[in-house]
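Participant: Sequence and predicted structure below; questions after.
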Amino acid sequence: MDEIKEMFKEQWRIAVCVIGVGMALVGYLFVQAQAEPSHLTEPVFVSETVESEVFASDGREIVVDIKGEVRIPGIYHLPEGARLYELIQKAGGVTDTALETAVNLAQILQDQQMIVIPHEDEAETSADVHNGQSDLGEAANPLIDLNQADLTQLQTLPGIGAKKAEAIIQYREEHGFFKVIDDLTNVTGIGDKTFESLKELITVG
C-alpha cells in the first residue's frame, strides 16, 4: 500500500513539473509575441528628393537667337516662360552703346524667336523734334515687329483686339516667323482690308 502511495506522489511531482515547464514556455512565447510588433510598426520615411528630381526633369526648353548690342550674341537655350532680361543676362548683358529702353525686358520669350537689341544711334530718328507745322502730325512710334511683339504690343495696332493678337502669336508658334509682312493675311481673321490699314505700321525682323 505504501508503495502505491509513493508511486502516486512521484507521478504527481512529474505532472507538476511538466505543467510548470509548459506555463513557463507559454509565458516566454507570449512575451516574444508582444515584442515583435515594435519592429513592424516603425515609420517608413519616403525621400522627397527623388520626387523633386522627377518633376525637375519635365521642364521644357526654348531656343532663342539674340543679336545686336549684347556682349555675347548667339543662340541660347532657356526654360519655357523665360523673359527677355534673363536672356540678356545669359548673353553677358548689354553693351555700353545699347538702347535698352527700346525693348521690353519683361517680355516672355517664344521658341525660335530672334531678339535684336538696338544701338543708341537708332533712337535719333524717333527722338528728333521738328518745329514745322507739317511735321506735327507725323508719328514717331517704331514699327511693330510681327516676330517679336507680344499680346500687349499687337493690340496697339488698329483693328487688332485680344483674339486677333492671340491668333497672330499662335500662327507664329505653329508656322515659325513671318518672312514678309504680307504673310499676316494668312492669319485667321485678318483679311486684305485689315492688312491695308496695318502695312505701314508693321515689320518683320
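Facilitator: Great, that's in hand. A quick note: this is a predicted structure, and the numbers were derived from the prediction, not measured.
Participant: Mind checking what helix or strand follows the longest strand belonging to the chain in sequence?
Facilitator: In the chain, with assignment by DSSP state E, the single longest strand is strand 61-68. Moving toward the C-terminus from strand 61-68, the next helix or strand (DSSP states H and E) is strand 74-79.
Participant: so what does that next one touch, helix or strand wise?
Facilitator: strand 61-68, helix 84-90 (3 or more Cβ pairs under 8 Å, 6 or more residues apart in numbering; DSSP states H and E). Where C-beta positions appear, they are placed from N, C-alpha and C, glycine not excepted.
Participant: ok, which stretches of the protein are strands?
Facilitator: 61-68, 74-79, 114-117, 144-145, 202-203.
Participant: and the lengthiest helix in the chain, average pLDDT?
Facilitator: Counting by DSSP state H, the longest helix found in the chain is helix 2-35. If you average the pLDDT over helix 2-35, you get 74.
Participant: now that helix, how far from the chain's geometric center?
Facilitator: Chain-centre distance of helix 2-35: 76 Å, with Cα atoms, centre = their mean, to the nearest Å.
Participant: about what we covered before: who wins for proximity to residue 105 among the helices and strands packed on strand 74-79?
Facilitator: helix 84-90 (4.1 Å; Cβ to Cβ).
Participant: gap between that closest one and the chain center?
Facilitator: 16 Å.
Participant: swap in stretch 154-169?
Facilitator: For stretch 154-169, the distance to the chain centre is 25 Å (Cα atoms, centre = their mean).
Participant: Name the residues that touch it?
Facilitator: 110, 144, 146, 149-151, 184, 187-190, 194, 197-198, 201-202 (Cβ atoms under 8 Å, 6 or more residues apart in numbering).
Participant: out of these, which are buried?
Facilitator: 110, 144, 146, 149-150, 184, 187, 190, 194, 198, 201-202 (16 or more other Cβ atoms under 10 Å).
Participant: Per the annotation, how does this structure divide into domains?
Facilitator: 2-35, 61-121, 141-203 (automatic domain parsing).
Participant: Quick one: low-confidence residue ranges for the protein.
Facilitator: For the chain, the stretches with pLDDT under 70 are 1-5, 8, 34-58, 123-141.
Participant: Residue 178: how many residues sit nearby?
Facilitator: Per other Cβ atoms under 10 Å, the neighbour tally for residue 178 reads 21.
Participant: now the one 5 residues further on
Facilitator: Other residues near residue 183 come to 16 when the count uses other Cβ under 10 Å.
Participant: For it, give me its contacts.
Facilitator: 146, 204.
Participant: 10 Å instead, please
Facilitator: 146, 171-172, 175, 177, 195, 204 (Cβ atoms under 10 Å, 6 or more residues apart in numbering).
Participant: Can you tell me which of those are buried?
Facilitator: Applying 16+ other Cβ under 10 Å to those flags 146, 171-172, 177, 195, 204 as buried.
Participant: And residue 27, how far from residue 73?
Facilitator: Look at residue 27 and residue 73: by Cβ to Cβ, to the nearest Å, they are 85 Å apart.
Participant: Have a look at the two and say which one is more surrounded.
Facilitator: residue 73 (17 against 10).
Participant: pretty sure that one is touching residue 98, no?
Facilitator: No: look at residue 73 against residue 98 with Cβ atoms under 10 Å: they stay out of range, at 11.5 Å.
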